[in-house]
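Peer 1: Here's my sequence, what's the structure:
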Amino acid sequence: MTHVSGKKIALTLFAVSGIFFSTAQITNAATPAKNNEQSLDKIVTVINDSVITESELDDAIEIAKKQIAINHIATPPSDILRKQVLDQLINRKLQLMLGEQAGVHIDEAAVDKAVATIAAQNKLSVPELYEQLKKQGMQVKAYRKEIGEEIILQQIQQQEVGSHITITPQEVDDFMRSAAWLSYNNKEYHLEDILIALPDTPTPEDVEHAKKEADAVLAKIHQGTSFQEAAVSNSGSTGAMQGGDLGWRKLPQIPSAFANELIHMKQNDIMGPILTPNGFHIIKLSGLRDADKKIDATEQHKQVEQLLYQRKFEEELQSWTTKLRGQAFIHNTEK
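Peer 2: Numbering: from 1, shown residues only. You can find the predicted model right below:
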């Protein structure tokens, strides 16, 4: 049995207030500077022995609006956006609390290294990156805090999820002998996903309700609502604010529940709802292209092993996040 390293590609994505951005968007989606003298900050949600305040939620909503604008998606009604952002903040807060309980701490050197990586990916020096952030109202101290928290999130996700995932040589061999791989291993698929999530231990009523919601979302898309707008308003995945965009993927990265069907789809086709352990998925094939280069059999085997790991990691991460919420005390103080 081979255990594949679970380290995620460091900081190609990072989160600010629970909303994920590509590094290319960092300087376009800065958090507004906060007034540290705020008083009587209203508590929006109680999570175990922690809280989410009105100012935290407001800041996260502003970031979400900027990202939605960057992606050229219509902003959903304020109540729907507020709910979506709050859900992501709750997920983030729960994971950070778990990291604190586990004694995960990040030193300044680790943050320095991460910031340098992000600056390089944006073709900037670190001072230039900081200057860009300042121009758009984000304090360097707040930015570094967010980067440190994202590193903690990656570490706790690896500890709680990634470290338990293994890929056997037999799994790799079986996948590479599959008809889908033999016919389409040289293709890459650009996917968009809407997830109508299920609780950790769903009842038949939960499944029925989620199915009806997924059917309703799909009907709206067929009636003219754009897929991205539907994702922002309805999806329970971390990519909701990007319009459900999963980016370009190879077959081993695509969940098995819909990988086989995907190879028969044409560009802009939509399939679903498809039931998985996490909930009902609606998938759009927004692009199809040939892979950049051909690789030899040995390298293919290594690549498939790593991509299968990434697939399992994403599936297990969603399940773990749902379970974490199910075990927590979460109370919304708003009526």
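Peer 1: which residues in this structure form strands?
Peer 2: Taking DSSP state E as the criterion, the chain carries its strands at 13-16, 19-22, 43-47, 50-53, 187-197, 245-249, 270-276, 279-290, 330-332.
Peer 1: can I get the ones you listed in a markdown table with mean neighbour count?
Peer 2: C-beta coordinates here come from the backbone N, C-alpha and C atoms, glycine included. Compiled in a markdown table, the strands of the chain are given as follows (neighbours: other Cβ atoms under 10 Å):
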| stretch | mean neighbour count |
| --- | --- |
| strand 13-16 | 21 |
| strand 19-22 | 20 |
| strand 43-47 | 17 |
| strand 50-53 | 16 |
| strand 187-197 | 22 |
| strand 245-249 | 18 |
| strand 270-276 | 17 |
| strand 279-290 | 20 |
| strand 330-332 | 12 |
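Peer 1: count of neighbours near D41?
Peer 2: Applying other Cβ atoms under 10 Å, we find 12 residues neighbouring D41.
Peer 1: surely E334 meets V44?
Peer 2: Yes - taking Cβ atoms under 8 Å as the contact criterion, E334 and V44 are neighbours in contact, 6.3 Å apart.
Peer 1: And the strands of the chain: which comes nearest M176?
Peer 2: For M176, the closest of those is strand 187-197, at 14.8 Å, according to Cβ to Cβ.
Peer 1: partners of the closest one, with directions?
Peer 2: For strand 187-197, the paired strands and their directions (DSSP bridges) are strand 245-249 (antiparallel), strand 279-290 (antiparallel).
Peer 1: quick one: low-confidence parts of the stretch 1-150 of the chain?
Peer 2: In the prediction, the stretch 1-150 of the chain carries residues with pLDDT under 70 at positions 1-40.
Peer 1: where along it do the helices fall?
Peer 2: 54-70, 78-101, 108-121, 126-135, 140-160 (DSSP state H, counting those that start in this stretch).
Peer 1: for the third one, which positions count as buried?
Peer 2: Counting neighbours by 16 or more other Cβ atoms under 10 Å, one finds that the buried residues in helix 108-121 are 111, 114-115, 117-119.
Peer 1: Off-centre distance for that helix?
Peer 2: Once both centres are worked out by Cα atoms, centre = their mean, to the nearest Å, helix 108-121 turns out to sit 21 Å from its chain's centre.
Peer 1: packing partners for that helix?
Peer 2: Judged by 3 or more Cβ pairs under 8 Å, 6 or more residues apart in numbering; DSSP states H and E, the packing partners of helix 108-121 are helix 126-135, helix 140-160.
Peer 1: between that helix and helix 126-135, how big is the angle?
Peer 2: Angular relation of helix 108-121 and helix 126-135 on a 0 to 180 degree scale: 90 degrees, by axes from the mean of the first three to the mean of the last three Cα atoms, to 10 degrees.
Peer 1: JSON lines for the strands of the chain, including distance to D79?
Peer 2: What follows is the strands of the chain, written out as JSON lines (distance: least, Cβ to Cβ, whole Å):
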{"stretch": "strand 13-16", "distance to D79": "22"}
{"stretch": "strand 19-22", "distance to D79": "18"}
{"stretch": "strand 43-47", "distance to D79": "13"}
{"stretch": "strand 50-53", "distance to D79": "17"}
{"stretch": "strand 187-197", "distance to D79": "18"}
{"stretch": "strand 245-249", "distance to D79": "24"}
{"stretch": "strand 270-276", "distance to D79": "24"}
{"stretch": "strand 279-290", "distance to D79": "22"}
{"stretch": "strand 330-332", "distance to D79": "13"}
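Peer 1: Spell out for me which residue occupies the centre of the protein.
Peer 2: For the chain, T238 is the residue whose C-alpha lies nearest the centre (Cα atoms, centre = their mean; 3.3 Å).
Peer 1: Could you check how far that one is from E316?
Peer 2: Counting by Cβ to Cβ, to the nearest Å, the separation of T238 from E316 is 14 Å.
Peer 1: Can you lay out the helices and strands packed on helix 108-121 as CSV showing distance to H222 and mean neighbour count?
Peer 2: Written out in CSV, the entries for these read as follows (distance: least, Cβ to Cβ, whole Å; neighbours: other Cβ atoms under 10 Å):
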stretch, distance to H222, mean neighbour count
helix 126-135, 41, 15
helix 140-160, 35, 18
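Peer 1: wait, which of these is closest to I106?
Peer 2: Of all these, helix 140-160 sits nearest to I106, with 4.5 Å by Cβ to Cβ.
Peer 1: For that closest one, list the C-alpha coordinates in CSV.
Peer 2: Extracted as CSV, the C-alpha positions of helix 140-160 are listed here (Å, rounded to 0.1, in the frame of the first residue of the first chain):
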residue,chain,number,x,y,z
VAL,A,140,-0.5,44.3,6.2
LYS,A,141,-1.0,43.0,9.7
ALA,A,142,-4.5,41.8,8.9
TYR,A,143,-3.3,40.2,5.6
ARG,A,144,-0.5,38.3,7.4
LYS,A,145,-3.0,37.1,10.0
GLU,A,146,-5.3,35.7,7.2
ILE,A,147,-2.3,33.9,5.6
GLY,A,148,-1.3,32.4,8.9
GLU,A,149,-4.8,31.1,9.4
GLU,A,150,-4.9,29.6,6.0
ILE,A,151,-1.7,27.7,6.7
ILE,A,152,-3.3,26.4,9.9
LEU,A,153,-6.4,25.3,7.9
GLN,A,154,-4.2,23.4,5.5
GLN,A,155,-2.3,21.7,8.4
ILE,A,156,-5.5,20.7,10.3
GLN,A,157,-7.1,19.4,7.1
GLN,A,158,-4.0,17.3,6.4
GLN,A,159,-4.0,16.0,10.0
GLU,A,160,-7.7,15.2,10.2
